[in-house]
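>>> below are the sequence and a predicted model; questions follow.
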Amino acid sequence: MVQRIRLPNKTHYCPRPDPDGSGSELAKDLSWPFGKLDGLDRDDLREAAYEIFFTACRSSPGFGGRSALTYYNPSDGGDGIGLGSPMKSPGVGMVVNSRVKRALGLKMMKRSNPSSRRSSSCGSNPMSPSAASGTVSSPRLVAFSTAPQPRMRRPMTAAEIARQQMRVTEQIDNRLRKTLMRTLVGQMGRRAETIILPLELLRHLKPSEFNDSHEYHLWQKRQLKILDAGLLIQPAIPIDKSNKFATKLRDIIQASEMKAIDTGKNSETMKSLCNCVMSLAWRSPDGSPTDVCHWADGYPLNVHVYIALLYSIFDIKDETLVVDEVDELLELMKKTWSTLGINRSIHNLCFTWVLFEQYIMTEQMESDLLSASLAMLTEVANDAKKVDREPMYVKMLASVLTEMKRWLEQRLLDYHGNFERGSVGIMENILPLVFLATKILEDVPGYISEAQLEKGEVTKDSDGNRIDRYIRSSLRNAFAKMLDEQCVNYEALEAQEVCQVLINLANKTEELAVKEKEIFSHVLKKWHPIAAGVAAVTLHSCYGTLLKQYLTGTPLLTNETISILQRAGRLEKLLIQMVVEDSGECEDGGKAIVREMVPYEVDSILLRLMKHWIHERSKKGKEFFQRSKDTETWNPKSKTEPYAHSAVDLIKFSKETVENFFEIPVNKSENLIFDLADGLEHIFKEYITFVASCGSKQSYLPTLPPLTRCSQNSKFIKLWKRAACSVGVEDPNQNNTDDGNHPRPSTSRGTQRLYIRLNTLHYLQSQLHSLDKTLSLSSKVTPSPQNQLNNRSRQLSRSYFEHSRSSIQVSFQHVSEVAAYRLIFLDSNSVFFGSLFVGDVTNSRIRPALRILKQNLTLLCAIVTDRAQPLALKEVMKASFEAYLMVLLAGGSSRIFSMFDHPMIEEDFDHLKRVFYTCGETLIVEDVVEREAETVEGVIALMGQSTEQLIEDFSIVACEASGIGVVGVGQKLPMPPTTGKWNQSDPNTILRILCYRNDRAANHFLKRTFQLAKRRG
């Protein structure tokens, strides 16, 4: 239940806790540490406290001291102060200088006349709450006023101040005075603690002295509840369950709930009540007679009443202030100790709690109350060191300090949420308070802190360790609050669009770190050497956890991921800088705290993601290559793009990969460029191998016929001549594919597809150069100091695709060669190798073949791109020259030559060379033609020699080649092996010329030397 008191000249309420510990909204998290009292509310305890206080102070000035108590009737028009009471209390007319406030660091109250005490008009009752504070909250506090009379103002006595501070009405005060006057008739020296005040009030006050019967019933029930709490529920001396007086008293109290009991002199109920109360109050622990009365000194009733009394020191107009007369009030309150069972230690503990709780109840506006709590806690610390502490006091001590420490630590564990730049001074006051409370508690038997329970330890926590815990907890709470504000759900994080959220969180985290450093760290550094460092580590861990979770659910490289990682990297640098700056004075230079920071490894993660991205692109490129192998037909893409579709797509893919790579907003090291180039080059090399997979020239070369000796009367020649005469046709060796004067090229579709392969290779080469240039000249590449030696070869070559370029050159050579041999030995076989010089040289010259060759070369130049033409033409030239050689040296049984054929053969070869001369200097240089023709011309020169000269030359070179030197008598010349490298100094070449020489000398030499068979046919 929240109790609110309306304060004059204020626009706010100042709540106070109920005794049952329910508390107010402002302090709903502050628990009452002294146990519960059922059935008694704040007003009940306050009135009971005043009654005990007034009774204990009855002999003091202002309370009726030094004269008999006088009952004041308002209708008499008196001033309400006992007769014989001095008009001035000590210090009247002088400036109040409070020793207590000075010791506690509390400021003096500001008054319009600082040279005077509180003053009261003699024309009104100064103790009237209506005159002092206006309307009160309790329904039992009857507000009233008297018509002010024009009398002079005088200082208030301590009794008047106490009555005003405790909001006691005239009616209550007069009833109390009346009761005491009747009770103490003839017993003025009676000790206050022997007066069982509730019983005396019940005996002497009648219903007629109250406004109505309901008011009297409520008042009676309050007095009986006080007796119930002090004698039955919480007695100072425990009661046996079989105690008949306790049973009877309990029955009477229960009966009073329905209606007021009769308290007349002749009432049996009243007699039983008096008997039970007296019997229970005048008991001793061992049952022996005693002169000590126990009716209000049981715990926690005594503490509840005493704390209600202590609250009277706070000014009713501004409850953040302590009245200047606090010294006098506290001195008077000491008189209640004997009645309530209070001692100095309990007083110090209760006073500490009251100051602390009042600070909280007044919305924590007055930090002086917190400082005063610390000063009183120092007194409590001294009391706690005493060896003769009572068990009840130890219990109270543990309960009060535990609650204070819990409430204080609750603020410190979230100081970012509880303090700002303007209130950080309060935090400076709270820290020593919680440390001192903890230090006292650590000496209380059986006490274990929450931090120790969490760690599973019972050792004492140092101040630094506690500060460490506060920092980590507060920053985690602040970070969690930021997550709530950003609506970040850890479990559903990967399903959200969180890029902007995480970047905002990084910004907020950085702001939080700066706030920590500027506002809180200099305060916390008094107890912790690297407070800012701990804060930085905590924030680093909080954001790192979130970042790790995000990366776990987002393994791919995206612009969002890059933005988050880059922002995290900047945040990490700032936090590390905080740790470094704060660790300068540490013995280890902050190494221990830095080791707690698990690096975000932003650069490593970005590098890993970049490599993964490169790997995925390479994987996609390989998939593309596999599709190309299955679908490529080697038809040109178009007339303007005479290369394969797959090559265009491959280059397009590669350029997109490079463009996308450089669009990624990450620093690219040279190593990454090399990784990208390696991935692309691997694809290029596989594709180049695929382009070059077109067979070999050996598959088009005709098989070499066996060596035989020539016969002048060859059956083949005879049959050919006979057929020619009978049918009347031309020599079959004459080519008829001319179609008149407009022969068609003989280039097949397969050969043309080889030309497309050549174009494709050239296209790749040109595009590789473009890609190389893009990678080399990009301004987004940062040098990599490491691995320079490993990359030295690439740096020297200045090409990222050097291996691919080399492969292209080799493949270009290979495809050109295959295309040339296919063109000459397959497509042009019928007009070249198949018919040249067949039968006899005269009737089967080379002119028809040259016409077809020219058409084929024209088509080649039309299909093959300009830069690829020189090599393609050169290979056709070499294939043509080799075909010419094979006609002369391995033409088969259909060809025979004589020395007289030499001029025609030489002339035809000149015509063949002239075909390539006419291609132009830009395609084939004349020197190249001459160099390639040297071998053929050397063989043709041999054909112009006599058989005898050939035999002689053969014998010499054959012996030299075999290592014999000179053939002796009876020795035979060795058969020279066929090497395929025909030239005029090769013994196999000379031997072949002899085999195709149509004369007796050659025939005889071959038969005699090697037993070669004659040709068949």
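It's in.
>>> spit out the contact partners of the closest residue in space to Gly695 that isn't next to it in sequence.
In space, Gly695 comes closest to Val818 once its chain neighbours are excluded; the distance is 5.8 Å by Cβ to Cβ, 6 or more residues apart in numbering. Where C-beta positions appear, they are placed from N, C-alpha and C, glycine not excepted. Listed by Cβ atoms under 8 Å, 6 or more residues apart in numbering, the contact set of Val818 reads Cys694, Gly695, Ser696, Lys697, Tyr700, Leu754.
>>> which one (most neighbours) among the residues you listed?
When neighbours are taken as other Cβ atoms under 10 Å, the top entry among those is Leu754 (25 neighbours).
>>> for that residue, which non-adjacent residue is closest in space?
Excluding the flanking residues, the one nearest Leu754 by Cβ to Cβ, 6+ apart is Ala819, at 3.8 Å.
>>> quick one, what contacts the one you found?
When contacts are counted by Cβ under 8 Å, 6+ apart, Ala819 touches Thr751, Leu754, Tyr755, Arg757, Leu758, Ala872, Glu875, Val876.
>>> out of these, who's nearest Glu937?
Nearest to Glu937 out of those is Val876 (Cβ to Cβ; 18.5 Å).
>>> how about the helix or strand hosting Ile576: buried residues?
Per DSSP states H and E, Ile576 falls inside helix 559-582. Buried residues in helix 559-582, counting neighbours by 16 or more other Cβ atoms under 10 Å, are found at 560-569, 571-572, 574-576, 578-579, 582.
>>> same question for stretch 33-49.
In stretch 33-49, counting by 16+ other Cβ under 10 Å, buried: 33-35, 37, 39-49.
>>> what comes into contact with the helix holding Ile576?
Under Cβ under 8 Å, 6+ apart, the answer for helix 559-582 is 499, 502-503, 506-507, 509-510, 513, 517, 521, 530-533, 535-537, 539-540, 543, 547, 550-551, 554, 590, 593-594, 597, 599-600, 602-603, 605-606, 609, 664-666.
>>> quick one: average pLDDT of that helix?
Computed over helix 559-582, the mean pLDDT rounds to 90.
>>> next SSE downstream of it?
Heading C-terminal from helix 559-582, the first helix or strand you meet, by DSSP H and E, is helix 591-595.
>>> which non-adjacent residue is nearest Val666?
Leu606 (5.4 Å).
>>> helix or strand right after the helix or strand harbouring the one you found?
Element membership of Leu606, judged by DSSP H and E, is helix 602-631. Downstream of helix 602-631, the next assigned helix or strand under DSSP H and E is helix 645-663.
>>> in that next one, which residues are buried?
By 16+ other Cβ under 10 Å, the buried positions in helix 645-663 come out as 645-651, 653-654, 657-658, 661-662.
>>> widest-spaced pair of the buried residues of stretch 33-49?
Looking at these by Cβ to Cβ, the two members farthest from one another are Pro33 and Glu47, with 23.1 Å of separation.
>>> hey, where'd the strands end up in this structure?
Remark: strands assigned in the chain by DSSP state E are 119-121, 153-155, 668-669, 781-782.
>>> quick check: which ranges of the stretch 801-950 of the chain have low pLDDT?
Under the criterion pLDDT under 70, the flagged ranges of the stretch 801-950 of the chain are 920-921.
>>> which stretches of the stretch 651-800 of the chain have low pLDDT?
The stretch 651-800 of the chain contains residues with pLDDT under 70 at 711-743, 784-798.
>>> tell me how far Thr179 lies from Pro783.
Counting by Cβ to Cβ, to the nearest Å, the gap from Thr179 to Pro783 is 100 Å.
>>> between the two, tell me which one has more neighbours.
When neighbours are counted by other Cβ under 10 Å, Thr179 and Pro783 differ, and Thr179 comes out ahead with 23 against 8.
>>> tell me, how many residues neighbour the residue lying closest to that one once chain neighbours are set aside?
Nearest residue to Thr179, sequence neighbours excluded (Cβ to Cβ, 6+ apart): His204, at 4.6 Å. His204: 16 surrounding residues under other Cβ under 10 Å.
>>> who are the contact partners of His204?
Lys178, Thr179, Arg182, Thr183.
>>> now the buried members of these.
Buried members of those, counted by 16+ other Cβ under 10 Å: Lys178, Thr179, Thr183.
>>> closest one to Leu280 out of the residues you listed, please.
Nearest member of the buried ones among the contacts of His204 to Leu280, counting by Cβ to Cβ, is Thr183, at 19.1 Å.
>>> for the closest one, give its distance to Leu224.
Remark: distance between Thr183 and Leu224 (Cβ to Cβ) = 18 Å.
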